[in-house]
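S.K.: structure for this input, please:
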Amino acid sequence: MSVDPAPTAPSLSAPRRPAAAPEPAPGPAALRPPGGRAAWFAWSVGVTVYALAVVHRTSLGVAGLDAAARFGIGASALSTFSILQVLVYAGMQIPVGLLVDRIGPRRVLLLGVALMSAGQLAFAFATAFGPALASRAVLGCGDAMTFISVLRVAARWFPAARNPFVAQLTGLVGTGGNLVTTVVLAQALHAAGWSTTFGVIALTGAVVFAAVFALLKEAPPGAPAPVRRAGDRLPVGRQIRAAWAEPGTRLGLWVHFTTAFPAAAFGLLWGLPYLVEGQGMSRAGASGLLSLLVLSGMAFGLLFGRLLSRSAGSRLPITFTVLAATALCWTAALAWPGGRPPLWLLVVLVLVMGSNGPASLIGLDYARAHNPVERLGTATGIANMGGFLAAMVTLLGIGVLLDALAAPGADGYRTSDYRLAFCFQLLPLLLGTTMILRLRRKLPAAR
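M.R.: Numbering: from 1, shown residues only. Model prediction:
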């Protein structure tokens, strides 16, 4: 069962008096987050930042071939953009979790918007590989500050039973940001050009910054304040160790690791090149499949949110179903004679990968449900590292293999190159599944 995200308040009962009965304590409902319109408003302001972050994060997914031509780089160097961005994102999760626990999600969101806007603006006008790479690192740092902060706002505003649904809805809105990338950004790149397109995305951050500054309240009026005074909180090292010592945190990390990365690697960078060069599709057809990936993710997010809100026992069954279906579809696609599966199989593959992002949020639900409120940000940060570490390894592995398999002097990569390179992703799938099976034995509630 989930832990109530509201901080535990001291007893409100009156002291015992001679010859008088003690006053009854107020019911638990008095201490629970209220939900309602005010909660949805606060969440909607925060989730706007996350949607913008997903646009920033996935913007290179439809601009990979353009970036290779603009900076004169190959597959390994191109993958470095996404790898560095994801590496910074993953590396920032624990520091961001600590920041959220200490200074609050509103300030962290404001800092995140500022960093994302600065990084994207620099990327818009970069003409060399080095400055462009540095700008993506800044962008990844700002991106890392968004999702955990929005979940913390939701945990303060909504009752615990609603948190799994709100988390899935947060992911769904973020997926909507991905849809903006695949539909709008892909067209804008060819209509308005590189600098204008990325510059407009960067400047959108100013509007979002103003909205968060003026409108976001991170907790309901009268809610107990979280522990933020230096004398009342654990030292950083002890807080991280306490979160890691909880088996639910580690299980959450491996669930996130294993479920998130196939769709992340596909959507962040390698989906468009695989479909265009590896499968011979047009850019329009490839963009259509990437849009289908986004729409599928939105549908799965709603489905999983409903299922998880009704029963925490559905966490692992959903996880294993998603992993089995993803592995089966990729195995069928890669084993298809000639390396070019029919369109129907590619459609099924993309639809199944749409479940990856929503399933990865189950990992964050484990971290939230098995940690006290004072270290929710830290535990969520640890769990949220998983999928991005796996995505980083997969992005690099595919890029290195493509360069190693490419024919000497060739301008692009062959179908067989993509076929063999994409087999790499089966390795982290196997590793992560093994770790989930091992860790679930240490958490009786996970069975």
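S.K.: for Thr219, helix, strand, or coil?
M.R.: If you look again at residue 219, you'll see it is Ala, not Thr. coil (DSSP: H, G, I helix; E, B strand; the rest coil).
S.K.: helix or strand for the nearest residue to it once chain neighbours are set aside, which one?
M.R.: Using Cβ to Cβ, 6 or more residues apart in numbering and skipping residues adjacent in sequence, the residue nearest Ala219 is Arg156, 4.2 Å away. Glycine gets a C-beta too; all of them are placed from N, C-alpha and C. In the assignment (DSSP states H and E), Arg156 maps to helix 147-157.
S.K.: which other helices and strands contact that helix?
M.R.: helix 36-58, helix 75-103, helix 105-125, helix 163-180, helix 356-369, helix 376-405 (3 or more Cβ pairs under 8 Å, 6 or more residues apart in numbering; DSSP states H and E).
S.K.: related to what we said a few turns ago, report the separation between the residue nearest to Ala219 and Phe71.
M.R.: Using Cβ to Cβ, to the nearest Å, Arg156 is found at 43 Å from Phe71.
S.K.: also His256?
M.R.: Taking Cβ to Cβ, one finds His256 at 31 Å from Phe71.
S.K.: what about these two, which has more around it?
M.R.: Neighbours per residue (other Cβ atoms under 10 Å) separate His256 from Phe71, with His256 holding more: 30 against 18.
S.K.: doesn't Gly357 make contact with the more buried one?
M.R.: No: here His256 does not reach Gly357: they are 10.3 Å apart, not a contact under Cβ atoms under 8 Å.
S.K.: how close does Leu396 get to Ala335?
M.R.: 24 Å.
S.K.: just Arg136 next, same as before
M.R.: Remark: distance between Arg136 and Ala335 (Cβ to Cβ) = 34 Å.
S.K.: those two: who's more crowded?
M.R.: Legend: neighbour count by other Cβ under 10 Å for Arg136 and Ala335, higher for Arg136 (29 against 11).
S.K.: residue contacts, Ala211?
M.R.: Counting by Cβ atoms under 8 Å, 6 or more residues apart in numbering, Ala211 makes contact with Val45, Thr48.
S.K.: give me every residue that touches Gly72.
M.R.: With Cβ under 8 Å, 6+ apart, Gly72 has these contacts: Phe129.
S.K.: what does Met116 give?
M.R.: Leu52, Ala53, His56, Leu139, Gly142, Asp143, Ala202, Gly205.
S.K.: leaving out sequence neighbours, find the closest residue to it.
M.R.: Leaving out its chain neighbours, the residue that sits closest to Met116 by Cβ to Cβ, 6+ apart is Gly142, at 3.6 Å.
S.K.: before we move on, the earlier item: quick one: buried ones out of the contacts of Met116?
M.R.: Using 16 or more other Cβ atoms under 10 Å as the burial test, the contacts of Met116 include Leu52, Ala53, His56, Leu139, Gly142, Asp143, Ala202, Gly205 as buried.
S.K.: closest one of the residues you listed to Phe304?
M.R.: Sorting these by how near they are to Phe304, with Cβ to Cβ, puts Ala53 at the top with 21.0 Å.
S.K.: so what's the closest one closest to, chain neighbours aside?
M.R.: Excluding its sequence neighbours, the residue lying closest to Ala53 (Cβ to Cβ, 6+ apart) is Thr146, at 4.2 Å.
S.K.: that neighbour contacts Ala51, correct?
M.R.: No: here Thr146 lies out of contact with Ala51, judged by Cβ under 8 Å, at a distance of 9.1 Å.
S.K.: okay, the two: which has more neighbours?
M.R.: Neighbour comparison, Thr146 and Ala51: the larger count goes to Thr146, with 30 against 21 (by other Cβ under 10 Å).
S.K.: list phi and psi for that one.
M.R.: Note on Thr146: its backbone torsions stand at phi -90, psi -60 [degrees, to the nearest 10].
S.K.: residue contacts, it?
M.R.: Shown in contact with Thr146 (Cβ under 8 Å, 6+ apart): Val49, Tyr50, Ala53, Leu109, Gly112.
S.K.: got CSV for those, with pLDDT too?
M.R.: CSV is the format used below for those (pLDDT from 0 to 100):
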residue, pLDDT
Val49, 94
Tyr50, 93
Ala53, 92
Leu109, 96
Gly112, 95
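S.K.: reformat the residues you listed as a markdown table; add distance to Met392.
M.R.: A markdown table is the format used below for these (distance: Cβ to Cβ, whole Å):
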| residue | distance to Met392 |
| --- | --- |
| Val49 | 23 |
| Tyr50 | 20 |
| Ala53 | 17 |
| Leu109 | 24 |
| Gly112 | 20 |
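S.K.: let me know the closest of these to Phe165.
M.R.: Among the contacts of Thr146, and counting by Cβ to Cβ, the member closest to Phe165 is Tyr50, at 16.0 Å.
S.K.: next one: that closest one from His56, what distance?
M.R.: The gap separating Tyr50 from His56 is 11 Å, by Cβ to Cβ.
S.K.: same question for Leu203.
M.R.: Using Cβ to Cβ, one gets 12 Å for the distance from Leu203 to His56.
S.K.: again with Ala242
M.R.: Taking Cβ to Cβ, one finds Ala242 at 32 Å from His56.
S.K.: number of nearby residues for the closest residue to Ala192 other than its chain neighbours?
M.R.: Distance criterion Cβ to Cβ, 6+ apart; nearest residue to Ala192, sequence neighbours excluded, is Val200 at 7.9 Å. Using other Cβ under 10 Å, the number of residues around Val200 comes to 14.
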